[in-house]
Each structure stands twice: as structure tokens, then as C-alpha cells.
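*Asks:* Sharing a sequence plus its predicted fold:
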2 protein chains.
Amino acid sequence: MDKLDTHNEIYKNKTRKSMNFYSKAIKLFPGGISHNIRYFAPYPFFVKKSKGKFLYDVDENKFIDYWMGHWALILGHSYPIISKQISKQSMYGTLFGTTNIQSVELGEIIQKLMPKAERMRFSSTGSEATMYAVRLARAKTRKRVIAKVIGGWHGFNTTLLHSVSYPFELDEGMGLVDDEQFIESLPFNDFEPVLGGAGCIPPENDYLLGLQEFAKKNGAIFILDEIVTGFRVSINGAQKIYNLEPDLFTLGKIAGGGLPIGIVCGDKEIMSLSDNTGNQNKGNFCSIGGGTFSANPLTMIAGYATLSFLKKNQNMVYPKINKLGDKVRKDLTKVFLDNKIKAEITGIGSLFKIHFLNDKVNSIKNAFDVAISNKSKLINYEMNLMSNYNIFFLPTKLGAISYVHDVKDINNLINATQKIIDSGNLK
Amino acid sequence: MDKLDTHNEIYKNKTRKSMNFYSKAIKLFPGGISHNIRYFAPYPFFVKKSKGKFLYDVDENKFIDYWMGHWALILGHSYPIISKQISKQSMYGTLFGTTNIQSVELGEIIQKLMPKAERMRFSSTGSEATMYAVRLARAKTRKRVIAKVIGGWHGFNTTLLHSVSYPFELDEGMGLVDDEQFIESLPFNDFEPVLGGAGCIPPENDYLLGLQEFAKKNGAIFILDEIVTGFRVSINGAQKIYNLEPDLFTLGKIAGGGLPIGIVCGDKEIMSLSDNTGNQNKGNFCSIGGGTFSANPLTMIAGYATLSFLKKNQNMVYPKINKLGDKVRKDLTKVFLDNKIKAEITGIGSLFKIHFLNDKVNSIKNAFDVAISNKSKLINYEMNLMSNYNIFFLPTKLGAISYVHDVKDINNLINATQKIIDSGNLK
């Protein structure tokens, strides 16, 4: 039995009930999942509950979670003050379907933290927010062509589902109407401030400022996708760190405090194109959602509770998680180097990503490099962590550190890594 | 002071704090709102909480709610068993970001109630679900052209934001890339089983069966949008009532128990095109969301609690709300007829919609008729109800009856209507 089988067997032994759930799930959901990236072989474990830094599966395994709800849970799972607010609100309405005071409160704190959000529109997913940002930009400029960066992930909407995965020049699957003529895909970095889905790659010096300047000079709208980075890389987002002034930007994830949200924000003139209250005719306004669940009070209060906690405690939260991020990058780099394993750890602040290098790639600069790095070794490593050490990364995805992680967790990760190397299982 | 001013003044007097909130809101949100339809003049009231059949605004007004969260709240606001489940789950995770047992439970009950959901995929909004349904249909047929019905509303996604509002032949606003060549817009009824957004118009005899037959004969995919009708017009949806066997259909609203959800469901072969677990290359699978919040445990348990309550109590819930629906349609028809006011009340089951007729239209058959009916009279009527009788319809939108409404509520609505007519305010 080779080493891959070994950890596979260990995984299967400890997740027998999950296997039963998976056999039910594949009769309900294509592939047994509700999101393409949530599958991993032989089958994903089925979570029953989560709390703090832990995921608990149906077999009573308790995993340290570095996935943290697609990186949305900066305070960990069910942080008490957030849970309390959700619990209270659940008695007094989850869906008013009307204007409400909770949305004003969340809007005001966002505007305070990110002043370039001169106006904003709440929707329920990031994918909607990025779609609306492009629609607004097109409405403003009356141009059609958008430039996006190769490997940049901005959700499942038809508008931006292009040049996301390798090989980048092919359609992202069947059924997408070909409006490629309206997309220019750029190599290197991205209009995401940090290339997230493709491998957690920070921008090179002044790359984003250069893009912004180019856009402004050419009458284009500069859109910054801060769905991952907003309230994550700093309380004022990546735009503060990189001195950017985007015309439009998008928020999501952390902004909803663990509940569904997407927000398109930006310049008030551009945003005002979506204002239909003056009985505009269809020719002079830009129709964006909204949606049934937009600005629902449960999301609003969870987002507000999260952002006001972050605002109040920013001098504790960000230094702590960024320091842990620095430590995990440094310590992982060292453990692989000491053991002569070619790896590169990318990331920024509390986000980090492991890449195993090979003959084809010896440094990670963009999505091409990530695509041709040694992914099977990465999956093997992460399945080892999961099977033998109850440490969970969604295989091949970046890790996120939350406020409830601590130095011991990082040390455990490093120790586990050394043991995996020592056992000869990392290959 | 004319009568419109009168109820406007009454409205303003009772919503002073809302006016303050609105003045804050317009500095945050284009038009002060997070969904185009939530605005009405002079400004919408700001809800603070909701419970049962009531909305409570920031000025302590208590409105009987016939909007019911975009018709999603079939059990009313914060029905105790649902709230309890949400409250409990909030302590144990709102966003696992992984496969989970809660999604299997919701999936299983949906499949039991709607057996044509051979497979399904959870997303977070209806707009995503309809977009994915079209993408899957295109992937299956390798055709591009879709037929949709004029006036049919299927969300803010770029794919289906066509021929929604009057004048139907114009683009639905700026910034939409013109792929009109791929849309055939049909008059009359819709691939929604009941024309919802456009005016709550049930299909004529065998219209839907005819469409289905036409689609099957011509190698097209028949998609039924049951986001409004699913679990509303019957526990098995409109497909049961009209004897339909859609290839694909969409659910939302009620299925999430008041939390964000969208579901694309249908034939297992078509749905399996979205299965990426076998390491398909991009050429042979159809990439659909998902999304960060898809299958989140809070939505899953709220949906499951709602559907299992409905399943258990279907012989109480549906007869009650449908009977109230019949009564409201009958009584409103009578009160307008008795007072020689030309009106038509459309609807099905617990959904109903008031239309005031005029010289241009004397019967409501499709979205054109609705568009040219007397909307200013309707707004006047609904603002009168709101201002003087604390009865809330989102102006010009259909009303929904929930399980917590009762005969007295309908009688109150009829009495209020008679008083508005008597006062000479209905014009």
C-alpha cells in the first residue's frame, strides 16, 4: 500500500458516516456538492456544526479550520457577539422586503471605513456585486469591452466567467454565450488587489496604481474587487494599503458577518445611474439588483456587529492575524527549505497559500505559475494534514487566519508538516 | 388640498422618523434603497422589526403586511419554530463553506415534495438559479436562443433581464451587453407558471402544457420558474397543479424559510453537466454556482423547518390560505363592482393582484394589459390603505396571504376599501 493509500485509508476510517451522507448527497446534488470547489477525493467530510476555529463533522471529528467559510469568517465561526445578535434578530424578522434601519446602520459603518463607498447597493452574493459593477461601468462609459486579469475569479456570473482556469484561453465550460469579443484578458496581476482564487498572489510594486492610472487616462472605469480583501488585509481594505481610488469596488464575505452579502460601491455619480426613484425611463438608468434578500435584516445586523467589533478592536485584531500570517509564511518556508522541498508560500496579511514548485516553475508570479505548480503534491500534503492531524485546508485553496487562531495552531501546523515530511508521505 | 395631498400629509405625519432615516439612506444608497421596487413616494417607511403578519416601523406604526418579504414568508414573519431553529443554529455556525448534513436534509425533503427535482444545486438567490438554468439548457442543447415571455421577471441577471418592463421592446436599461439576438420574447403567458412580477396572471387553459409539448417536440429544454409558485400554489408547486414535467425548474423564496436561497433543479442528466468531480475538462462540463454562501447551514435549517412544517400541516395551511385568497379576490371584486369602479382582481391561491381598468384596457390577460392599466389609481389606493388603515401592499405589487393571516384581516381590507371609496379618495 503506498503512502497515498495510507492517508486515504485513515481518512475513510474516520469519516464513515460522512461516506454515508455522501452516498445520499450524490442522489440529490450533481457530484454531491453545492459548490464546485467543495469536492475533494475520495469524498468530502460532512460538517454538522462549527464553533470558533473548529469544524465538527458527522463522525465527531474536530478539525482546525483554515478555510473559514471561504475566508469570510475573520472572527471565526459563531463569534459570541455575532451569534447573539443573529439569535435576537431571528425573533424579529429575517426578511422585511422593505427599507429598514439595519441597512442604514451597516451602510454608515462601511462608508466610514471605506470613504470611496460614496454610494453602495446591497445584494446577496459577491457574484451579483461584480456583475453589477461591470454593468454600471458599461452604463457610464457606453463602452462594452472590459479588461480582466487571467486567473481572476469574480464569481459564477456570465459576465466575468472568463479566463479563470487553466487552460485560460478556453471557454469556462459549456452553455456560456460567447461574448468573448467584449473581454480582454490580461496576464499578470488583476483588478482584484490580491489574486485570490488563483493563488493568493500580491501585486508587484505599483502594478495596481499603474492599472488605475491607465484606466483614468483612457476614460475607462477602474473596478477593484475587494470581496476577499475588504476588511481582511486592513479594516480599510486593499485600497488603503495600495493607495488606490477605484471608481467602483465590490465587497462581500466579511461585510456580511458570515451571512449572504455582496455590495457594489463607489463614485456617487456612477452609482446614481442605478437610481430609479425619479421615474427614469429605461434609456437612462442602469437596472441592478437588489433581489428578494438584499438588505435583509439578519445579514445587516451580522455585518454591522462584525464591522463594529473590527472597528473598535482594529488595533488588536489586525496586528494579531497579520503577525500570525507572517509567522505561518515564514515558518512554512523554513520547514520546507530545511527539508530541501521546493515550495513557495504566497499571501498577504492573514491569507496564505502553499505552492510546491517543480521543474516547470520555480517562482509564483501569476495564475499560469500556479496552474503548472505541483498540485498533486499539494493535495497529498493537505489530505495528510486532514487525515492524520485534523487540520483542514480546502485542498488547493488558500488558508485564512481568524482572530480566534493562535500561535499554538501555527506551531501545530508546522510540527504536523515536519512529521509528514519525516514519514516520507509528502510526494 | 386635494385627496392625494391628504393621504400624503397623513403618511408624512406618521412617518417622521422614517423621513429622517430616508435622508440618511439617500447619502448611502442610490435612491435610498437596496432594491428598485422598494421605493415609493414620498419615501418608504423604515422597518425596525417584524413579527407574524405585522411590520413595525421606526415610528412605532404597525402595518398588516401583504407583501410578506417578496411573498417568501408563507408562515408569516418569524414563525416561532423557524426562529427557534435559526437562533439555535446561529451558535453552531452560519457558514461552514463545506458539504454539510443540513443541505442533505433540505435536499431530501425537496426531492420528496417535487420528484422532478431529480438533482438540484443550491445557490443564494433566485437570480442565480434562473441564470444557471439557462446555462445548463444551453450546455445540453448546444443552442443559444432562449424563448422567454414578455413581462416575465426572472431576476437581475444579464441573461434574463430582457422584455421585462414596458415598453417591452426596449433594453432594460443601460450597461446590458446586447445579446438580444439570443432572446425570443413571446407574448401572453410565460415560463413562469404564473406571471408574477408582471401582475399575478394565471395561465390560460393548457397554455403551459402546450409550451411544454412544443419544447419537447423541438428539442428545446422546458424551464419552469417556480421561485414564486413553488411551495406556494401547492406544496408540490405549480407543476403539480398544471400537470407539467419541466426539464429544469427553479425554486427560491419559501424554500429558504426567509433566508437567502435559489435552487436550480431538474432532470438528472442535464443537471449532471454541472458535475465537476470527475476532473472533467472545461469542454464537457457546465460551470454553475454555488457561491460562498451556497448551502449555508442557516438557510438550510430555515428551509428545512419551513418545508417540514408545510409537509406535516399541508392539509391545514394550503386550504386556509387558498380559501382566504378566494375570499379576498371575491370580496374585492364585489366591493369595486358594487361601487361601479372598474377593477379586476387576478391571482391564484394565496396570491392576488388588484388592477384598475380604464378606456384602454378592460380585462387583464398579459403584461401589456397590466402596463396600460390605471397604475396611478392603484398607487393612490394603496397609499390610502397604508396611510389611513395601516395596511401595507408594496405599491403596485401583488399581495400574498400567509398562514397567520385570517378572515378578519380580509374583512378589514374590504371595509377599508369601502371607506376609501366613500371618502371620495379613490381616483
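*Replies:* Perfect, thanks for sending it. Residues are numbered from 1 along each chain as shown, chains lettered A, B, ... in the order given.

*Asks:* ok, which stretches of chain A are strands?
*Replies:* For chain A, the strands identified by DSSP state E occupy A:47-51, A:54-57, A:62-65, A:119-123, A:146-149, A:183-186, A:223-225, A:248-252, A:262-266, A:343-348, A:351-356, A:391-392, A:399-400, in order along the chain.

*Asks:* in chain A, what secondary structure element scores lowest on mean pLDDT?
*Replies:* Using mean pLDDT, DSSP states H and E, strand A:183-186 stands out as the lowest-scoring helix or strand of chain A, at a mean of 73.

*Asks:* Pull up the pairing partners for that strand, direction included.
*Replies:* Based on DSSP bridges, the strands next to strand A:183-186 in the sheet, each with its direction, are strand A:146-149 (parallel).

*Asks:* Centre of the chain to the strand it pairs with, how far?
*Replies:* Distance, stretch centre to chain centre, for strand A:146-149: 19 Å (CA atoms, centre = their mean, to the nearest Å).

*Asks:* and that strand, which residues are buried?
*Replies:* If you call a residue buried by 16 or more other CB atoms under 10 Å in any protein chain shown, then strand A:146-149 has these buried ones: A:I146, A:K148, A:V149. Bear in mind the C-beta positions are built from the backbone N, C-alpha and C, glycine included.

*Asks:* Which residues of the stretch 251-400 of chain A lie near chain B?
*Replies:* The stretch 251-400 of chain A has residues A:252-253, A:256, A:258-260, A:271-278, A:282-299, A:302, A:394 near chain B, with proximity defined as CB under 8 Å from any CB of the partner chain.

*Asks:* Please pick the buried ones from those.
*Replies:* A:252-253, A:256, A:258-260, A:271-277, A:282, A:285-299, A:302, A:394.

*Asks:* Please name the residues that touch A:K49.
*Replies:* A:K49 makes contacts with A:Y56, B:Y92, B:G93, B:P297, as judged by CB atoms under 8 Å, 6 or more residues apart in numbering or on different chains.

*Asks:* Now, the residues you listed that are in helices?
*Replies:* When DSSP state H defines the helices, the subset of the contacts of A:K49 inside them is B:P297.

*Asks:* got the contacts of A:K49 as TSV, with distance to A:A41 columns?
*Replies:* Shown next, in TSV, are those (distance: CB to CB, whole Å):
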residue	distance to A:A41
A:Y56	22
B:Y92	28
B:G93	25
B:P297	24
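
*Asks:* So which of the contacts of A:K49 is surrounded by the most neighbours?
*Replies:* Highest neighbour count within these, by other CB atoms under 10 Å in any protein chain shown: B:G93, with 28 neighbours.

*Asks:* ok, that residue - contacts?
*Replies:* Residues near B:G93 by CB under 8 Å, 6+ apart: A:V47, A:K49, A:S50, A:K51, A:H77, A:S78, B:P297.

*Asks:* Can you add distance to A:V335 and pLDDT and give those back as a markdown table?
*Replies:* Output for these, formatted as a markdown table (distance: CB to CB, whole Å; pLDDT from 0 to 100):
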| residue | distance to A:V335 | pLDDT |
| --- | --- | --- |
| A:V47 | 29 | 98 |
| A:K49 | 32 | 98 |
| A:S50 | 28 | 98 |
| A:K51 | 29 | 98 |
| A:H77 | 27 | 98 |
| A:S78 | 32 | 98 |
| B:P297 | 35 | 98 |
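
*Asks:* what's the closest of those residues to A:K217?
*Replies:* Each of the contacts of B:G93 was scored against A:K217 by CB to CB, and A:H77 proved nearest at 45.1 Å.

*Asks:* List the residues that contact that closest one.
*Replies:* With contact set as CB under 8 Å, 6+ apart, A:H77 has these partners: A:50-55, A:65, A:68-69, A:258, B:93-95.

*Asks:* Look up how far A:D65 lies from it.
*Replies:* In this structure, A:H77 and A:D65 are 7 Å apart, going by CB to CB, to the nearest Å.

*Asks:* Likewise for A:T333?
*Replies:* Applying CB to CB, the value for A:T333 to A:D65 is 22 Å.

*Asks:* higher neighbour count, the two?
*Replies:* Remark: of A:T333 and A:D65, A:D65 carries more neighbours, 30 against 14, as counted by other CB under 10 Å.

*Asks:* about what we covered before: most neighbours among the contacts of A:H77, which one?
*Replies:* Ranked by neighbours (other CB under 10 Å), the contacts of A:H77 are led by A:G258, which has 34 neighbours.

*Asks:* picking that back up, would you mind giving the strands of chain A as CSV with distance to B:F356 added?
*Replies:* What follows is the strands of chain A, written out as CSV (distance: least, CB to CB, whole Å):
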stretch, distance to B:F356
strand A:47-51, 52
strand A:54-57, 56
strand A:62-65, 57
strand A:119-123, 32
strand A:146-149, 44
strand A:183-186, 47
strand A:223-225, 44
strand A:248-252, 41
strand A:262-266, 36
strand A:343-348, 59
strand A:351-356, 57
strand A:391-392, 59
strand A:399-400, 55
